[in-house]
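**Student:** Sequence and predicted structure below; questions after.
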Amino acid sequence: MGGAKNSVLKLMAAALLAEGTTVISNCPDILDVPLMADVLRGLGCEVVLDGDVATITTPAQPKYHADFEAVRQFRASVCVLGPLVARCRKAVVALPGGDAIGSRPLDMHQSGLRLLGARSEIEHGCVVAEADDLHGANIRLAFPSVGATENILMAAVLAKGETVIDNAAREPEIVDLCTMLNRMGAKIAGAGSTTLTIRGVERLEPTSHRVIGDRIVAATWGIAAAMTGGDVTVHGVNPKHLTLVLDKLRSAGSRITVAPNGFRVEQDGRPQAVNFATLPYPGFPTDLQPMAIGLAAVAEGTSMITENVFEARFRFVEEMIRLGADARTDGHHAVVRGVAELSSAPVWSSDIRAGAGLVLAGLVADGVTEVHDVFHIDRGYPRFVEDLSGLGGDIRRVND
Ligand code: UD1
């Protein structure tokens, strides 16, 4: 299992916080990593990607303007905002634009930075943040946003005094970021809880860090096993990061064996219907909702899936219906009646996870399913086709 996409991009951005050379290992071989390298190069860093190691050398004075060309290609690039305000006292980051899974405003990022003493506006298609001085503050997030927690955290580590972020996101990737920042000399307490307390320091030093395993990719393979009546063993991920997901698979009838650094999912016959409700960690991850729909589509019985994080994440369900799923959505609920067999059809992936969910459905559909726009999948899954065929999936990539 490679490193987590949702961790590595933030760790790369964190390298902006210290002058010198930061080394990040276990980087996944996904498109977003070289894209993030380009964003950092645009800010004056030297970045070398060699195998699974990213070596990032940050200058004494990084540039503060992340331009549209670099940023528009992937939304996570907005995580340079916090580090740039901290290091340069100014950041101009092009707005990444729309997203297939719903609107993704930056209001919480901005209001957090304002409480730290920055001015922040949207100007000419960019989010601009500027501060004479950053100072500690008490910040209560209206929702435990992953991105807002990270940006505020990365600004607060170099602010004067103490910052408390309440209702902070608790995702394992945030804990990973806190671990790296603390190793760089930051003073962060409470990682993995809803309250982060950050004592600002004058400067941070570069460090070496190994990215945690990708729980979303790992769980995708686990769900694939449950959907196909298969047997999959995953190494290189902390199974505690997937406690709820593995519980759900148990309810679906899978036999789960947990090891210190991985897990095995074995399934005989059709899975049973299970209800899912996506929530911030430790709830069921919204990034696995498309795979949950896929599982429900072939399960025995009726499942209710509730999406609580992204408003438009059910859009791809139309594509599942094209594959024969008996699914109906109403607002943020989907009711899925499992069918004995899906039937192949051409379908289009609209984002990383929807694409992966459609491929899993294609694996159990009768006949040959063509999934288009699979470049989305490459943004988050290294060797997707190779890994799936290694697991016995009859899948081929067609470069059209
Ligand atoms: C990150 C993950 C993404 C995952 C998501 C939720 C990365 C690169 N991406 O995205 O894979 O699906 O967490 O686990 O790490 N919101 C606002 N205002 C804000 C910020 C967020 O309204 O200022 C809303 C969003 O529109 C969304 C919800 O909060 O409805 C959650 O978003 P957030 O946790 O910020 O997700 P991301 O960090 O964008």
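**Tutor:** Perfect, thanks for sending it. Numbering: from 1, shown residues only.
**Student:** any idea which helix or strand of the chain has the worst average confidence?
**Tutor:** In the chain, no helix or strand scores lower on mean pLDDT, DSSP states H and E than helix 68-71, which sits at a mean of 77.
**Student:** and the helix or strand following that one, what other elements does it pack with?
**Tutor:** As assigned by DSSP states H and E, the chain's next helix or strand after helix 68-71 is helix 81-88. Applying 3 or more Cβ pairs under 8 Å, 6 or more residues apart in numbering; DSSP states H and E, one finds that helix 81-88 contacts helix 5-14, strand 90-94, helix 107-115, strand 126-130, helix 146-156. C-beta coordinates here come from the backbone N, C-alpha and C atoms, glycine included.
**Student:** hmm, the least confident helix or strand of the chain touching the ligand?
**Tutor:** No - Helix 68-71 is not in contact with the ligand by Cβ under 6 Å from any ligand atom; minimum separation 13.0 Å.
**Student:** for that helix, packing partners?
**Tutor:** helix 32-42, strand 90-94.
**Student:** and Arg75, which of the ones you listed is closest to it?
**Tutor:** Among the helices and strands packed on helix 68-71, helix 32-42 comes nearest to Arg75, with 9.5 Å by Cβ to Cβ.
**Student:** What average pLDDT does that closest one get?
**Tutor:** Confidence for helix 32-42, expressed as mean pLDDT, is 94.
**Student:** Tell me what angle it forms with strand 90-94.
**Tutor:** Helix 32-42 and strand 90-94 are oriented at 130 degrees to each other (axes from the mean of the first three to the mean of the last three Cα atoms, to 10 degrees).
**Student:** one step back: got TSV for the helices and strands packed on helix 81-88, with distance to the ligand and mean pLDDT too?
**Tutor:** Below are these laid out as TSV (distance: least, Cβ to the nearest ligand atom, whole Å; pLDDT from 0 to 100):
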stretch	distance to the ligand	mean pLDDT
helix 5-14	3	97
strand 90-94	13	93
helix 107-115	3	96
strand 126-130	10	93
helix 146-156	3	98
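**Student:** For Gly82, find the nearest of these.
**Tutor:** helix 146-156 (3.5 Å).
**Student:** Okay, angle between that closest one and helix 5-14 too, please.
**Tutor:** Using the same axes, to 10 degrees: helix 146-156 against helix 5-14 is 20 degrees.
**Student:** picking that back up, kindly reformat the helices and strands packed on helix 68-71 as CSV containing mean neighbour count.
**Tutor:** Below are the helices and strands packed on helix 68-71 laid out as CSV (neighbours: other Cβ atoms under 10 Å):
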stretch, mean neighbour count
helix 32-42, 20
strand 90-94, 22
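**Student:** could you dump these to CSV with distance to His235?
**Tutor:** Output for these, formatted as CSV (distance: least, Cβ to Cβ, whole Å):
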stretch, distance to His235
helix 32-42, 21
strand 90-94, 37
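**Student:** And the ones you listed: which comes nearest Ala148?
**Tutor:** Ranking the helices and strands packed on helix 68-71 by proximity to Ala148 (Cβ to Cβ) places strand 90-94 first, at 13.9 Å.
**Student:** Quick one: residues in contact with the closest one.
**Tutor:** The contact list for strand 90-94, computed with Cβ atoms under 8 Å, 6 or more residues apart in numbering, reads 64-68, 70-72, 77-78, 80-81, 84-85, 125-131.
**Student:** How about stretch 371-390?
**Tutor:** 2, 5, 28-32, 74, 216-217, 220-221, 224, 346-356, 358-359, 362-363, 395-397.
**Student:** Okay, buried residues for it please.
**Tutor:** 371, 374, 376-382, 384-385, 387-388 (16 or more other Cβ atoms under 10 Å).
**Student:** and it with the ligand, contact?
**Tutor:** No - against the ligand, stretch 371-390 shows no contacts by Cβ under 6 Å from any ligand atom, the least distance being 8.2 Å.
**Student:** What is the three-state secondary structure of Met227?
**Tutor:** Assigned by DSSP: H, G, I helix; E, B strand; the rest coil, the conformation of Met227 is helix.
**Student:** wait, doesn't it sit right on Val298?
**Tutor:** Yes - applying Cβ atoms under 8 Å, one finds Met227 in contact with Val298, separated by 5.8 Å.
**Student:** intersection of neighbour lists for the two?
**Tutor:** By Cβ under 8 Å, 6+ apart, the residues touching both Met227 and Val298 are 271, 361, 364.
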